[in-house]
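1. pasted the sequence and its predicted model underneath.
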Amino acid sequence: FLESNTFGLVVVVGYAGRKGATAKGREVAQARAMVVREYLVKNFKVDEKLLKTLGMSETGAADDLGRVEVVVFPGQGK
């Protein structure tokens, strides 16, 4: 999808879930997001300057543990 479509920004969001300390959870979540970002850059033709990461902790949902989302924002239409 990222190779064949124009986009403005991609944010890879990693979640740590509700367990653990907030700072540590955010650090783990950020690391998860970075692994996915690095995979996308290494294996696909995408502009790495347009890929950002975000680590989230203690989101309030038990099913967030270990989840990673890739959020694609549209680019400017020409």
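-> Arrived safely, thanks for sending.
2. what does stretch 71-78 rub up against?
-> 1-2, 5-13 (CB atoms under 8 Å, 6 or more residues apart in numbering). For the C-beta atoms, the positions are set from N, CA and C on the backbone; glycine is no exception.
3. tell me the buried residues in the lowest-mean-pLDDT helix or strand in the chain?
-> One helix or strand of the chain scores below all others by mean pLDDT, DSSP states H and E: helix 22-43, with a mean of 91. Within helix 22-43, the residues that qualify as buried by neighbour count (16 or more other CB atoms under 10 Å) are 25-26, 28-30, 32-33, 36-37, 40.
4. distance between that helix and the chain's centre?
-> Computed by CA atoms, centre = their mean, to the nearest Å, the chain-centroid distance of helix 22-43 equals 7 Å.
5. elements contacting that helix?
-> Helices and strands touching helix 22-43, by 3 or more CB pairs under 8 Å, 6 or more residues apart in numbering; DSSP states H and E, are strand 9-15, strand 51-56, strand 68-73.
6. angle of that helix against strand 9-15?
-> Between helix 22-43 and strand 9-15, the angle formed by their directions is 130 degrees, by axes from the mean of the first three to the mean of the last three CA atoms, to 10 degrees.
7. so which residue is smack in the middle of this structure?
-> Using CA atoms, centre = their mean, the residue of the chain that lies closest to the mean C-alpha position is Val12, 1.3 Å off.
8. partners of that residue in the sheet?
-> Taking DSSP bridges, one obtains Thr53, Val70 as the residues bridged to Val12.
9. got a pLDDT number for Gly75?
-> According to the prediction, Gly75 has pLDDT 80.
10. got the CA positions of stretch 28-35 in PDB?
-> C-alpha atoms of stretch 28-35 as PDB (Å, rounded to 0.1, in the frame of the first residue of the first chain):
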ATOM      1  CA  VAL A  28       8.800  -0.500  25.300                       C
ATOM      2  CA  ALA A  29       6.000   0.800  23.100                       C
ATOM      3  CA  GLN A  30       8.400   3.200  21.300                       C
ATOM      4  CA  ALA A  31      10.800   0.300  20.700                       C
ATOM      5  CA  ARG A  32       8.000  -1.800  19.200                       C
ATOM      6  CA  ALA A  33       7.100   1.000  16.900                       C
ATOM      7  CA  MET A  34      10.700   1.600  15.900                       C
ATOM      8  CA  VAL A  35      11.100  -2.100  14.900                       C
END
